[in-house]
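*Asks:* using only what follows, build the 3D model:
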Amino acid sequence: LDGAEALLREALEGRQETLGDKHPATLTSINNLGTLLKAKGDLDGAEALYREALEGRRDARRPAPAHAQLHQQPRQSAERQGRPGRRGGAVPRGDGGDARDA
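*Replies:* Next up, the predicted model:
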């Protein structure tokens, strides 16, 4: 199990570096390492990792704070008006909106 622990720790470190601490795949790696520690009899270490993974998953389920949602409003407004991805009412050329295109 010692060899497996080294591999799981290496995988966890790679996921933390590339995906971040709160990514679902990183949280799964944390949980997997906790399961291994439990099998080895390190219940304190396992509990700490289980708690970390659980808290990360709880955080992911919480709604984003209001200030984090503000940047979504202009795009959502444009989508409701039938202009996905465009802001400020711009009309692309060639769709009949300009007399020069006729």
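
*Asks:* helices of this protein, start to end?
*Replies:* For the chain, the helices defined by DSSP state H occupy 2-19, 24-40, 43-61, 66-69, 73-80.

*Asks:* out of those helices, deepest packed?
*Replies:* Scoring the helices of the chain by mean neighbour count under mean count of other CB atoms under 10 Å gives helix 24-40 as the most buried, with a mean of 18. Backbone N, C-alpha and C define where each C-beta goes, glycine included.

*Asks:* which strands or helices does it pack on?
*Replies:* With contacts defined as 3 or more CB pairs under 8 Å, 6 or more residues apart in numbering; DSSP states H and E, helix 24-40 has these neighbours: helix 2-19, helix 43-61.

*Asks:* tell me the pLDDT of His23.
*Replies:* What the model reports as pLDDT for His23 is 95.

*Asks:* return the backbone torsion pair for it.
*Replies:* Per-residue torsions, His23: phi -70, psi 140 (degrees, to the nearest 10).

*Asks:* if we can go back for a sec, reformat the helices and strands packed on helix 24-40 as a markdown table; add mean pLDDT and distance to Ala25.
*Replies:* Conversion of these to a markdown table gives the following (pLDDT from 0 to 100; distance: least, CB to CB, whole Å):
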| stretch | mean pLDDT | distance to Ala25 |
| --- | --- | --- |
| helix 2-19 | 96 | 6 |
| helix 43-61 | 95 | 11 |
